[in-house]
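S.K.: model the structure of this input:
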Amino acid sequence: MKDFSRNVTQGVERAPNRSLFYALGYTREELERPLIGVACSYNEIVPGHMNLDKIAEAVKAGIRAAGGTPVEFPAIAVCDGIAMGHVGMKYSLITRDLIADSTEAMAIAHQFDGLVMIPNCDKNVPGLLMAAARLNIPAIFCSGGPMLAGRLSDGRRTCLSHMFEAVGSYYAGKLDKEGVEDYENNACPTCGSCSGMYTANSMNCLTEAIGMALRGNGTIPAVWSARLRLAKHTGMKIMELVERNIRPRDIMTEAAFRNAETVDMALGCSTNTMLHLPAIAHECGIELDLDMSNGISSKTPNLCHLAPAGDTYMEDLEGAGGVYAVMKELTKKNLLDASLLTCTGKTVAENLEGVENRNPEIIRPIENPYSSDGGIAVLKGNLAPEGCVVKRSAVAPEMMVHKGPARVFESEEEAIAAIYAGKIAAGDVVVIRYEGPKGGPGMREMLNPTSAIAGMGLDKDVALITDGRFSGATRGASIGHVCPEAAQGGPIAFVEDGDIISIDITKCSITLEVDEAVLAERKAKWVCPEPKIKTGYAARYAKLVTSAARGAVLE
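M.R.: Model (predicted):
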């Protein structure tokens, strides 16, 4: 099928349009074929994107081989690791909507018949998935692939989360500068999305699980030639999707989102998936409820403990059979809807034929899981009436139930200064507020404070709660997405130093042990602080963004 591009390539009235294609060097023969937009996120600032030019060339080769004409255009991406710990992190989540909006504009303006999306890192993947859902023209994904794990000078494997924790260890006097430099020089040895089950790899794996990418998209390392072969096959496959008119909303159904959340729980993905899946679903006209996540988690065993939850990495998951092997385990207890259509043109069941779990140490058999419930939990209580999120699989057993006094900070900077200064004691509950979607604005990740706590050896003694969010590299009792956020007058705005906070992850509850009458008095006196950013895109974003409980979508 060649439908949309006729509006810019066919008929005498489109001669002016064709003349501009000729100015680009396209031939009449190329314009007779379907035009396939290739949204490539290549840049020279994100390690996960520095190889995407090569991926794009392979995708375009596949498109040409299957009879299409590829047309590449750019999409932006932020490196969350480089943006971490300063004002730049306010501009990470908000790029998700910029990416979706700009891709929508490019695709409609130029009337592409199909799209191949080439993302890799954190907000780039969901932003392009949102665009695919919104546009609903045939689309498929080929990401840049994960980074290989690093090796320290003594041979131990390492990764970015260890690097951040090394800084905390240094401030605690547990590691010298030479030790920090060992991590610095070895934690990130190649291009690719950082090597643990962090947000980028979580979303790339879930793109497979939801049916929008071919097998291996989430796990084939960036530096392997198999990634280029995957890209070529992806380019070929988009031509089949265009011919059969298979569109994103044919694939990303409500049942497909349930499949994705089930795989999410089994893999132990980043808590950021609890922002991104609802936002993508919203573009499909589907509203995902956070409560649904706990229902799925309660019956989905956690089968993987990749970094930061354990000492295995994305290359190990690929060796064990990848996302499909995890899905195969889940089908043994009928936890997935295997009848659903995917971008292969086949059903989930057909895709999984012949798939095996090649390493039960990396992917636990479903009869022998790490836990009987999933990797993420949504907690509710008077501190978070609309919910908050924790990566349960990365919490030490000692911290599954915790009670302690609040140590309240009005920003990430205040909290990290106190942590580095040794002012946080065992038993404390660190509260960081006014970092939500509106209050931040932009809902910063809190990898620096959580890594400092872990690096100082306090991850089994101290909890951290915020209306901001956490990197997938975070471990410990780190509870984010507290809703309503402080800037909306949520209860987190009324917590005071010394208030007792009770956390029970096993029961999905979080309680501020302060009398309701006292909280009402505090609320009556509360005045929302002035916005931290009053101009530009971030200020506009703050006015439009909704609660994290709804995926922080714009309205």
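
S.K.: could you report the pLDDT at the nearest residue to Arg33 once chain neighbours are set aside?
M.R.: Nearest residue to Arg33, sequence neighbours excluded (CB to CB, 6 or more residues apart in numbering): Thr69, at 4.6 Å. C-beta coordinates here come from the backbone N, C-alpha and C atoms, glycine included. Thr69 is assigned a predicted lDDT (pLDDT) of 98.

S.K.: now Leu290
M.R.: Listed pLDDT for Leu290 reads 85.

S.K.: Thr450: how many residues sit nearby?
M.R.: 31 (other CB atoms under 10 Å).

S.K.: my guess is it contacts Leu464, does it?
M.R.: Yes. Under the criterion of CB atoms under 8 Å, Thr450 makes contact with Leu464 at 5.8 Å.

S.K.: ok, and what's touching stretch 178-185?
M.R.: With contacts defined as CB atoms under 8 Å, 6 or more residues apart in numbering, stretch 178-185 is touched by Leu152, Ser153, Thr158, His162, Met163, Ala166, Val167, Ser169, Tyr170.

S.K.: now the last one: which helix or strand?
M.R.: Assigned by DSSP states H and E, Tyr170 belongs to helix 160-171.

S.K.: tell me what that helix is packed against?
M.R.: helix 177-186, helix 412-420, helix 447-455 (3 or more CB pairs under 8 Å, 6 or more residues apart in numbering; DSSP states H and E).

S.K.: how about the CA coordinates for the longest one, as CSV?
M.R.: Once non-C-alpha atoms are left out, helix 177-186 reads as follows in CSV (Å, rounded to 0.1, in the frame of the first residue of the first chain):
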residue,chain,number,x,y,z
LYS,A,177,40.2,9.1,44.7
GLU,A,178,42.1,6.3,42.8
GLY,A,179,39.2,4.0,43.5
VAL,A,180,36.7,6.5,42.1
GLU,A,181,38.9,6.9,39.0
ASP,A,182,38.9,3.2,38.5
TYR,A,183,35.1,3.3,38.2
GLU,A,184,35.2,6.5,36.2
ASN,A,185,37.5,4.9,33.6
ASN,A,186,35.8,1.5,33.4
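
S.K.: roughly how far is that helix from the heart of the chain?
M.R.: 27 Å (CA atoms, centre = their mean, to the nearest Å).

S.K.: got it, and the second one?
M.R.: Mean-position distance between helix 412-420 and its chain equals 25 Å (CA atoms, centre = their mean).

S.K.: how far off helix 160-171 does that helix point, in degrees?
M.R.: Interaxial angle, helix 412-420 versus helix 160-171 (axes from the mean of the first three to the mean of the last three CA atoms, to 10 degrees): 60 degrees.

S.K.: how about Ile82, nearest residue that isn't a chain neighbour?
M.R.: Among residues not flanking Ile82 along the chain, Ile45 sits closest, at 6.9 Å (CB to CB, 6+ apart).

S.K.: quick one: that neighbour and Asp80 touch, right?
M.R.: No. Judged on CB under 8 Å, Ile45 makes no contact with Asp80 at a distance of 11.6 Å.

S.K.: quick check, Met292 in a helix?
M.R.: Yes. Assessed with DSSP: H, G, I helix; E, B strand; the rest coil, Met292 lies in a helix.
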